[in-house]
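> structure for the following, please:
(2 chains)
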Amino acid sequence: MIEPEAKHRVDKFALVLTGAPRGVSTYTWRKGTPMTYANTTSSNELWSTSSHSYWWQSDTKPPEVHVFICANNYDTIDRYLRGEDPRLSGLDLDPYIDYNDERKKNVAYKILDGMLNLRNSETGEIIGGKIKLNKEKWESYHNKCWAWADSVNFVYYDGYDFTQEMNSVHTERPVETTTWHNQYLHYIEAYNAHKEFFDSLTEQSVIVRQRYDLVFNPYYSLFRFTEYLLTSGYSNRFNTENWNTHHHGFSLSPKVFVPNLRILRGQISAGDYWSVWDGPGAQIFANNYVDYLKQNALHWHGLGATNPDAPYGKQVNWRVPEHSLPQFSMQHNYTIYHLDGQELVGTQMMSLKDPPILDQWRYYWYDWTEEMVEEIRQQCS
Amino acid sequence: MTNISLHWDELMDHCNTIEVADGSCEGDSPQKFCIDTIDSNTDRESFFASTPCWYHTSLRTSIVCTGGFCEGEIINSADENWVISTQPQDTYQFGILYHPMVRFVSMLKYANFSMIKNVTGHFRGTYVVGEQMISDMLKNDTNWYMRTQSELLENVNHIIHHNCILYKKKTDEELGDINFWLKHNLMNYTLYFNSRGNYHFDNFQDRHRNEGADRFWLRDWNRWIDRHLDLEMSAWHFIIENKELSNLLYERYRKDFELGGFESMEHTYDGYYG
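Residues are numbered from 1 along each chain as shown, chains lettered A, B, ... in the order given. Below is the predicted model:
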């Protein structure tokens, strides 16, 4: 049961969907994401027993919900597309690359590179893409899904310039695409494209950044995140003046709420599939995250461990995507809330199930054809 | 041609015309065929491919499984007198004819893609769904799970049309006559195994053993246990939203459509089950 304090504390919700659009074309996703989040503002008959759906009196206006739908303009290469797991690559379920054969994997990368990437003929750098997002289909689909929201905003991203910029900062190991960073870079793009809106958000706002292939417990709504973000202790949440003030007198903001927080060998990490900020938390992240990536090559590369045999008590030099947001938040003195396990807060990643519940998203949203996959299969499987 | 009942009353009338052996079975106990064996049977594919039927231990009747069920239902049989068997039985056989859409999506979990088994070789099924995949299956897949119901029900004595399953449950008194037990058990079977009902609450709970106030065990919506429904409802929507796929389904299962007098499916998954 959601406490009224949490319900009436929120002034605005922003929901920012980032990363690769896995699972989005399925009814499972529609039901688990837009249809469930609709509980936030309206009474949803389907989930009539939900504690999230029935409290809006006819004379109460629910908080505004603004949705930001982010996607890459052009398809880019990721590890699943390269053959690691065809179920996640969004094309054919039958493997089209023999992943145990290094030579075939390299041939496949060359073919994929030719299909997906536009390179500068002189420098060899990737300067653009070839396989376009079908924007008309994408926008019409999302406009239908999110018709209940106060606004639906489309944000399109190209990481080519940014990759070149980062390669000029961290010159020791150039990278070709932004890969897992997209889940954060898409959010920053949304912030920059709608700066006025995001800058207007306050300590009472809730900004949910989540990856696409995430479905929510049907009984919940966006207020599930609010419970933890806005009423999570060290303050008197019933006091309208001091609800966000620690009893020693300082504001708890900026705040972030993350799943699965862990400290592993001295390094803080957390699940990266969703993160929830209040207004100041969202603004500081958007304005400073790129600088954080530039601070240290490790922040950008996401290496595996370089000294896995480090003695007990000594630092292990390793970096994974899960370190990125919590370590940034530590550096910027955030208040960090967490819940241990994503199921407790009601979210589940469709792609982390084995078998995953997913779709053929590259065929569905990007201009891929079965002939293109067949061409790779002929040479690489 | 096999008789078919389109409505519950027709089925009940039909029951009055047949004679079934009431009482306990002679010879080997049919319990030996109990579905408990399915858990130790690592080759589920051949188990299901061999056309199992539900066999009633006290009435010599059986119901051929054509689909529309899920494994949870099989393992938690509603009535302990119903056991599942892959052996041919000397029984009066009924078969349920589902809408081809229901049958197709419910069998998708057996789709024989190369990723079907995990590293330990256990059955996992296909849980990636998309238009290309459905289209390829309807055009090219000839595996056992794609068989038409007309073929599966060819030799049964009587076909129960899916519509019969919608029948409102009657009390024992209302049913009472000499074929009481046959009717009673057919009713239990068809109501328990019907796939129509609210996806998350009412009948869904029965299907997934989460039975309201008297629930046998209590559990919340679980995307792992209930994941085949994700596959089914997503495939359903791809088909109804894509005319090409609807046509392919019709062409592939034309005989079944004609046998049951089914229309092309236009309801959404929730509209149909809710």
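
> once you drop chain neighbours, what's closest to B:Glu244?
Spatially, and ignoring its direct neighbours in sequence, B:Glu244 is nearest to B:Ser135 (7.2 Å; C-beta to C-beta, 6 or more residues apart in numbering or on different chains). Every C-beta, even on glycine, is put in place using the N, C-alpha and C of the backbone.

> please, which helix or strand holds that neighbour?
Element membership for B:Ser135, per DSSP states H and E: helix B:131-140.

> for the helix or strand just after that helix, what does the pLDDT average out to?
Heading C-terminal from helix B:131-140, the first helix or strand you meet, by DSSP H and E, is helix B:149-152. Here helix B:149-152 scores 93 as its mean pLDDT.

> next: stretch B:9-23.
On average, stretch B:9-23 scores 77.

> span of stretch A:302-313 from start to end?
Stretch A:302-313 stretches 22 Å from its first residue to its last (C-alpha to C-alpha, to the nearest Å).

> now stretch A:295-308, how far from the chain's geometric center?
21 Å (C-alpha atoms, centre = their mean, to the nearest Å).

> got the buried residues for the helix holding B:Ser135?
B:Glu131, B:Gln132, B:Met133, B:Ile134, B:Ser135, B:Asp136, B:Met137, B:Leu138 (16 or more other C-beta atoms under 10 Å in any protein chain shown).

> can you check stretch A:178-193 too?
Under 16+ other C-beta under 10 Å, the buried positions of stretch A:178-193 are A:178-191, A:193.

> what's the span of stretch A:298-309, first residue to last?
19 Å.

> chain center to that stretch: distance?
So, by C-alpha atoms, centre = their mean, the centroid of stretch A:298-309 is 22 Å from its chain's centroid.

> may I see the buried residues of that stretch?
Buried positions in stretch A:298-309, judged by neighbour count with 16+ other C-beta under 10 Å: A:Leu298, A:His299, A:Trp300, A:Gly302.

> same question, stretch A:254-263
For stretch A:254-263, a neighbour-count test (16+ other C-beta under 10 Å) marks A:Pro254, A:Lys255, A:Val256, A:Phe257, A:Val258, A:Pro259, A:Asn260, A:Leu261 as buried.

> for stretch A:318-338, same thing?
A:318-319, A:322-329, A:332, A:334-338.

> which of those residues fall within helices?
If you go by DSSP state H, the buried residues of stretch A:318-338 have A:Glu322, A:His323, A:Ser324, A:Leu325, A:Pro326, A:Gln327, A:Phe328, A:Ser329 in helices.

> closest to chain B out of those residues?
Nearest to chain B among those, counting by C-beta to the nearest C-beta, is A:Glu322 at 21.9 Å.

> rewinding a little: the buried residues of stretch A:254-263: which two are farthest apart?
By the measure C-beta to C-beta, A:Pro254 and A:Asn260 form the most distant pair in the buried residues of stretch A:254-263, at 20.4 Å.

> coming back round to it: which of the buried residues of stretch A:318-338 sit farthest apart?
Farthest pair in the buried residues of stretch A:318-338, by C-beta to C-beta: A:Trp318 and A:Thr335, 26.4 Å.

> ok, the residue lying closest to B:Tyr110 once chain neighbours are set aside to B:His56 distance?
Sequence neighbours aside, B:Tyr145 is the residue nearest to B:Tyr110 in space, at 4.3 Å (criterion: C-beta to C-beta, 6+ apart). B:Tyr145 sits 25 Å away from B:His56 when distances are taken as C-beta to C-beta, to the nearest Å.

> so for these two, which sits in the more crowded spot?
B:His56 (25 against 19; other C-beta atoms under 10 Å in any protein chain shown).

> show me where the stretch 101-250 of chain A has strands.
A:117-119, A:126-129, A:151-157, A:206-211, A:214-216 (DSSP state E, counting those that start in this stretch).

> which of these sits closest to chain B?
Comparing the strands of the stretch 101-250 of chain A by C-beta to the nearest C-beta, strand A:214-216 comes nearest, at 7.0 Å.

> mind naming the longest helix for chain A?
Ranked by number of residues, the top helix in chain A under DSSP H is helix A:279-295.

> against which helices or strands is it packed?
If you count contacts as 3 or more C-beta pairs under 8 Å, 6 or more residues apart in numbering or on different chains; DSSP states H and E, helix A:279-295 packs onto helix A:160-169, helix A:182-193, helix A:195-199, strand A:206-211, strand A:255-259, helix A:297-301, helix A:321-331.

> which of these has the lowest mean pLDDT?
When I compare those, helix A:297-301 is least confident, with a mean of 89.

> what is it packed up against?
helix A:279-295.

> return the distance of the helix it packs on from the chain's centre.
15 Å.

> and the angle for that helix with helix A:321-331?
Inter-element angle recorded for helix A:279-295 and helix A:321-331: 110 degrees (by axes from the mean of the first three to the mean of the last three C-alpha atoms, to 10 degrees).
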